[in-house]
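S.K.: task: produce atomic coordinates for the following.
(chains A, B and C)
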Amino acid sequence: MVNNNLTMFFEKFLTKESLFKDKKVLQSTYIPDEINHRDEQINTIAQILAPALRKEKPSNLFIYGKTGTGKTLSIRYTAEQMEQVAKQQEVPLSVFYLNCKLKKIADTEYRLIAELARFFGKAVPPTGLPTDEVYNIFFKALDSEERVVLLILDEIDQLVKKAGDEIIYNLTRINAELKRSHVSIIGISNDLMFANNIDPRVKSSLSEEEIVFPPYNALQIQDILHKRSSQAFKDSIITEGVIAKCAAYAAREHGDARRALELLRVAGELAERKGDTTIMITHIDDAEEKIERDRILDIVKTQPKQFQATLYPILMTHQKKKGLVYTGEIYDVYKDLCEKIGLRPLTQRRISDIVAELDMLGIINAKVISKGRFGRTREIALAIPSQVEPKIRKILEEDLGVAA
DNA sequence: CGAGATTCATGTGAAGTATACCTTTAGGCTTAA
DNA sequence: AAGCCTAAAGGTATACTTCACATGAATCTCGTA
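M.R.: Okay, here's the model as predicted:
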């Protein structure tokens, strides 16, 4: 019977007409044929990078701008165009794009270089080799033939924060050792203050050129949304005011276009799932909520056990106390929890670091404060909307095996 | 009453340890001539 | 004799621990007005 129902469901699903014409247009990895409102920046990038096509080394480039201002898009677009030309003209040009935020891929020097080496076709083990050795492998692979390499490091601030700025210094210097190839580094950062916190030498070598991406204004976002939505959705699916609402949401977040597009996509999916034939403003509201919820749930779900075991006490204590929580209390609860579920408890020192990392992930807000006579601690607050809390709690309890 | 000194609870840095994984090397076994 | 496999040796990165010192404002102390 269940089977029968399912078959019916799938059949109906297939006959039902999709709202989307081409969903991938709204996905964040999509690179449109034409980029609006970024002509100036793209031209500048192109001018800076163009020497690569003459087998000369382009200047290192540093790009600033808040999230969703088109940094990644513009650089990828430009790089793609260059690759095409390079292919036609038979210029040896390699573009390597890496997002440093991806944990476990590029959050230490070793892992970054290993990843680079892999890009050039060398197998590098996840651990065990000396870092120097990995550098060598990378060098050799790089210098095995003449070419120009554009190394795009997205969210480079994350990398530096975790692994120090020496990596970049080393990278900027490898040109000196290469005989046949040239490497240009293109760093992208969301953090406008980033440059102030790094070694001046590193800074000067990295940002031979600098470009700042200003946020989109509301009109530009609307324009972008119009263009993309007309490609993504079938005609007359979107009701009046939806685009404006999306743009408004995005503008509230300093003109984050990526967010606006995601909002539109999720709204479409929600509408489709409900069986509605148009996208209405209410769908946008739902989408807003769903995106935030999914983001947090995803982070929580993918955390290592110990991180979850640290988060759980924070959640519980926070609920019970209705307010700010301090490290000491968390650690006590954490130790009890470990005993209950048979997990080897970590030291307070480590927990302190884990709390700091959870803060970086944005699921909690932790601030170091001094309570005078009563010592010094972190003041921890949850950065989770209260509707989501029960779900998080459930996930944690399941993953940790807490008997409720 | 106010300037220092004190104090607490934990932050934070450095160095050490355990674990997991890598490469190299040496020995033992098999295979082919 | 050459080739191949396995186990041990020697080395590294990473996550974590241990040790020791740093922090910074509420509170205390004590000299002074």
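S.K.: ok, the one helix or strand A:H318 maps to near DNA strand C or not?
M.R.: In the assignment (DSSP states H and E), A:H318 maps to helix A:305-321. Yes - using C-beta under 7 Å from any atom of the strand, helix A:305-321 reaches DNA strand C at A:Q306. Using the backbone N, CA and C atoms, a C-beta is placed for each residue, glycine as well.
S.K.: contacts only, for A:V85.
M.R.: By C-beta atoms under 8 Å, 6 or more residues apart in numbering, the contact set of A:V85 is A:53, A:91.
S.K.: how about the CA coordinates for the helix or strand it falls within, as PDB?
M.R.: Using DSSP H and E, A:V85 sits within helix A:71-89. The C-alpha trace of helix A:71-89 is given here as PDB (Å, rounded to 0.1, in the frame of the first residue of the first chain):
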ATOM      1  CA  LYS A  71      34.200  39.200  -5.300                       C
ATOM      2  CA  THR A  72      34.400  35.500  -5.900                       C
ATOM      3  CA  LEU A  73      32.100  35.700  -8.900                       C
ATOM      4  CA  SER A  74      34.100  38.500 -10.600                       C
ATOM      5  CA  ILE A  75      37.400  36.800 -10.100                       C
ATOM      6  CA  ARG A  76      36.100  33.500 -11.300                       C
ATOM      7  CA  TYR A  77      34.500  35.000 -14.300                       C
ATOM      8  CA  THR A  78      37.600  36.900 -15.300                       C
ATOM      9  CA  ALA A  79      39.700  33.800 -14.700                       C
ATOM     10  CA  GLU A  80      37.400  31.700 -16.800                       C
ATOM     11  CA  GLN A  81      37.600  34.100 -19.700                       C
ATOM     12  CA  MET A  82      41.300  34.200 -19.400                       C
ATOM     13  CA  GLU A  83      41.500  30.400 -19.400                       C
ATOM     14  CA  GLN A  84      39.500  30.300 -22.600                       C
ATOM     15  CA  VAL A  85      41.700  32.800 -24.400                       C
ATOM     16  CA  ALA A  86      44.800  31.000 -23.000                       C
ATOM     17  CA  LYS A  87      43.500  27.800 -24.500                       C
ATOM     18  CA  GLN A  88      43.000  29.300 -27.900                       C
ATOM     19  CA  GLN A  89      46.300  30.900 -27.900                       C
END
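S.K.: now do the buried residues in that helix.
M.R.: A:71-79, A:82, A:86 (16 or more other C-beta atoms under 10 Å).
S.K.: same question for stretch A:108-127.
M.R.: A:108-117, A:119-120, A:124.
S.K.: distance of the residue nearest the centre of chain A from DNA strand B?
M.R.: Closest residue to the average C-alpha location of chain A: A:K101 at 5.7 Å, with C-alpha atoms, centre = their mean. According to C-beta to the nearest atom of the strand, to the nearest Å, A:K101 stands 21 Å off from DNA strand B.
S.K.: likewise A:M280?
M.R.: In terms of C-beta to the nearest atom of the strand, A:M280 sits 47 Å off from DNA strand B.
S.K.: list phi and psi for that residue.
M.R.: phi -110, psi 170 (degrees, to the nearest 10).
S.K.: close to DNA strand B, is stretch A:314-331?
M.R.: Yes - Stretch A:314-331 is in contact with DNA strand B by C-beta under 7 Å from any atom of the strand, via A:326-329.
S.K.: and that stretch, how far out from the chain middle?
M.R.: Centre-to-centre, stretch A:314-331 and its host chain are 29 Å apart (C-alpha atoms, centre = their mean, to the nearest Å).
S.K.: contacts for it?
M.R.: A:310, A:313, A:333, A:348, A:351-352, A:355, A:358, A:364, A:377-382, A:389, A:392-393, A:396.
S.K.: and A:D154, what are its bridge partners?
M.R.: As for beta bridges, A:D154 partners with A:N99 under DSSP bridges.
S.K.: wait, the residue nearest to the centre of chain A touches A:L153, no?
M.R.: No - A:K101 lies out of contact with A:L153 (C-beta atoms under 8 Å); the separation is 10.5 Å.
S.K.: what's downstream of the helix or strand bottoming out on mean pLDDT in chain A, the next helix or strand?
M.R.: In chain A, no helix or strand scores lower on mean pLDDT, DSSP states H and E than helix A:2-15, which sits at a mean of 76. Where DSSP H and E defines the elements, the next helix or strand beyond helix A:2-15 is helix A:39-49.
S.K.: check which residues of that next one are buried.
M.R.: Neighbour-count burial for helix A:39-49 [16+ other C-beta under 10 Å]: A:41-42, A:44-45, A:48-49.
S.K.: would you turn those into JSON lines with distance to DNA strand B?
M.R.: Shown next, in JSON lines, are the buried residues of helix A:39-49 (distance: C-beta to the nearest atom of the strand, whole Å):
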{"residue": "A:Q41", "distance to DNA strand B": "36"}
{"residue": "A:I42", "distance to DNA strand B": "40"}
{"residue": "A:T44", "distance to DNA strand B": "37"}
{"residue": "A:I45", "distance to DNA strand B": "36"}
{"residue": "A:I48", "distance to DNA strand B": "36"}
{"residue": "A:L49", "distance to DNA strand B": "35"}
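S.K.: what's the closest of the residues you listed to A:S230?
M.R.: Nearest to A:S230 among these is A:I42, at 22.0 Å by C-beta to C-beta.
S.K.: spit out the contact partners of the closest one.
M.R.: A:35, A:74, A:77-78.
S.K.: A:I238 too?
M.R.: A:I238 neighbours (C-beta under 8 Å, 6+ apart): A:229, A:278-279.
S.K.: which other helices and strands contact the longest helix seen in chain A?
M.R.: If you go by DSSP state H, chain A has its longest helix at helix A:281-302. Applying 3 or more C-beta pairs under 8 Å, 6 or more residues apart in numbering; DSSP states H and E, we find helix A:281-302 packed against helix A:242-252, helix A:257-274, helix A:389-400.
S.K.: before I go, just wanted to say thanks for your time.
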